[in-house]
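Enquirer: Only the shape, not the letters, is given here:
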């Protein structure tokens, strides 16, 4: 995200969920605007279960994260939906 405030987040409230690491079982916090977090115990990434992110609904997502990151995230989401 760009430094400062995300232009597509006005009026949105973030939530926090607890997710279990599939590698070691440790619980980690993940915000509603995150796709993944790194487990503090084993260092592996914990991914959200196919949750929509700002790249799915925000008209300014490509501008906010940059074209290269946007395409990378879109590719990740497409690959994730095939599994």
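Expert: Yes, it's here. Keep in mind it's a predicted model, so treat the numbers as computed, not measured.

Enquirer: The helix or strand where residue 28 lies: which residues count as buried?
Expert: Using DSSP states H and E, residue 28 maps to strand 27-31. Using 16 or more other Cβ atoms under 10 Å as the test for burial, strand 27-31 gives 28, 30. In this view, the C-beta of every residue, glycine as well, is placed from N, C-alpha and C.

Enquirer: Setting the sequence-adjacent residues aside, check what's closest to the residue lying farthest from the centre of the chain.
Expert: The C-alpha centroid of the chain is most remote from residue 24, which lies 20.6 Å away (Cα atoms, centre = their mean). Using Cβ to Cβ, 6 or more residues apart in numbering and skipping the chain neighbours, the partner closest in space to residue 24 is residue 42 (4.2 Å).

Enquirer: how would you label the residue farthest from the centre of the chain: helix, strand or coil?
Expert: Taking DSSP: H, G, I helix; E, B strand; the rest coil as the rule, one finds residue 24 in the coil state.

Enquirer: do residue 37 as well
Expert: On the basis of three-state DSSP, residue 37 is classed as strand.

Enquirer: In its sheet, which strands sit next to the strand holding residue 28, and in what direction?
Expert: Partner strands for strand 27-31, per DSSP bridges, with pairing direction: strand 16-20 (antiparallel).

Enquirer: Burial check on residue 62, number of neighbours?
Expert: Residue 62 has 16 neighbouring residues, counting by other Cβ atoms under 10 Å.
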